[in-house]
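Chemist: model this:
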Amino acid sequence: MDDNWDFYFTRIDGYLGSIFFNETLKERAPAAGYASAVYVRLFMRDPRPDGLSSQEEFDSLSVIDDALTDELVENLAAIYAGRATYNGVRDFFYYATDAEKIVSAANTLMTTFSDYKFEIGARADPEWEIYLGYLSPSPRDRQRIENRKVCDALESHGDLLTTKREIDHWAYFPSAESRDTFVARANAIGYTLRVPTERGEPGKKFEAQIFRVDSADIDEINSVTLELFELAQQLGGEYDGWESPVVDV
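Modeler: Residues are numbered from 1 along each chain as shown. Below you'll find the predicted structure:
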């Protein structure tokens, strides 16, 4: 099974951070026998002012990433769970059946990159708390990921994103009352009800499709969707995404 990787931006210890994670692992986490987490902390030489990785250092960091994957994953069967970049460091995380062997191999490999300082360590993590609780996105972060994907799809068709247009949103609720309350509160902030329907799916019987004129700029759409996300959640419902026509003029 091929690994499926994704990324998102978040806050880590108060700093802007970027997390690149192996989405495929959620289907089998925690993996039997892989009870130890190994980390490799790399101190970047040329980070951006905000602490994230720079384009100037991209190639060097990619070489190190590939070398660690070849040695630890391909040769020694560790599982690459993801990496976190923030405040001038990049942390790589792996799961292992024999942490001592992976730590030793990582130390040997990293000494070949003499321009970089690094730290390597391991801890018991049988429940995969690092992957499930740290690397994996929260519901709010996952919504931002989905927003980025929709924006990328629109841009691939020539959408300018910043142009105002009607954007539709969907939310589902366990009762007509909670749906109607959601619609009323959405009306108060400028939304119009497009379609109210009843569905037979357990827990998602009542649907609200609403729309408002906004741009699809990523910053604006993140603000818009997270507001609706929170509103739906407060009422026991679930925000289920958005849709926009392509606007290329």
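Chemist: how does the protein divide into domains?
Modeler: With domains defined by automatic domain parsing, the chain comprises 5-135, 139-243.
Chemist: which SSE is the residue of the chain most remote from its centre in?
Modeler: For the chain, the largest distance from the centre (C-alpha atoms, centre = their mean) belongs to Glu177, which lies 32.5 Å off. For Glu177, the element it lies in under DSSP states H and E is helix 176-188.
Chemist: go on, Arg140?
Modeler: Going by DSSP H and E, Arg140 is part of helix 139-156.
Chemist: if we can go back for a sec, TSV for the domains of the chain, including mean pLDDT?
Modeler: TSV is the format used below for these (pLDDT from 0 to 100):
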stretch	mean pLDDT
domain 5-135	97
domain 139-243	93
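Chemist: my guess is Gly241 contacts Tyr172, does it?
Modeler: No. Look at Gly241 against Tyr172 with C-beta atoms under 8 Å: they stay out of range, at 10.7 Å. All C-beta atoms are positioned from the backbone trio N, CA, C, and that covers glycine.
Chemist: between these two, which one's more packed in?
Modeler: Using other C-beta atoms under 10 Å as the criterion, Gly241 and Tyr172 rank with Tyr172 on top: 21 against 15.
Chemist: are we agreed that the more buried one is in a helix?
Modeler: No. Applying DSSP: H, G, I helix; E, B strand; the rest coil, one finds Tyr172 to be strand, outside a helix.
Chemist: roughly how far apart are it and Phe206?
Modeler: 7 Å (C-beta to C-beta, to the nearest Å).
Chemist: and if you look at Ser156?
Modeler: Counting by C-beta to C-beta, the gap from Ser156 to Phe206 is 34 Å.
Chemist: who has more neighbours out of those two?
Modeler: Shown here are Ser156 and Phe206; by other C-beta under 10 Å, Phe206 has more neighbours (20 against 9).
Chemist: now the strands for the chain?
Modeler: 5-12, 15-22, 36-43, 79-86, 89-96, 117-124, 165-173, 192-198, 206-214, 238-243 (DSSP state E).
Chemist: show residues contacting the shortest one.
Modeler: Contacts with strand 238-243, where a contact means C-beta atoms under 8 Å, 6 or more residues apart in numbering, come from 143, 146-147, 150, 167-173, 204, 221, 224-225, 228-229, 231-233.
Chemist: any common contacting residues for Gly241 and Tyr172?
Modeler: Contacts common to Gly241 and Tyr172, judged by C-beta under 8 Å, 6+ apart, are absent.
Chemist: backbone torsions only: list them for the closest residue to Ile167 other than its chain neighbours.
Modeler: In this structure, Ile167 finds its nearest non-sequential neighbour in Ser244, 4.8 Å apart by C-beta to C-beta, 6 or more residues apart in numbering. Backbone torsions of Ser244, given as degrees, to the nearest 10, read phi -140, psi 140.
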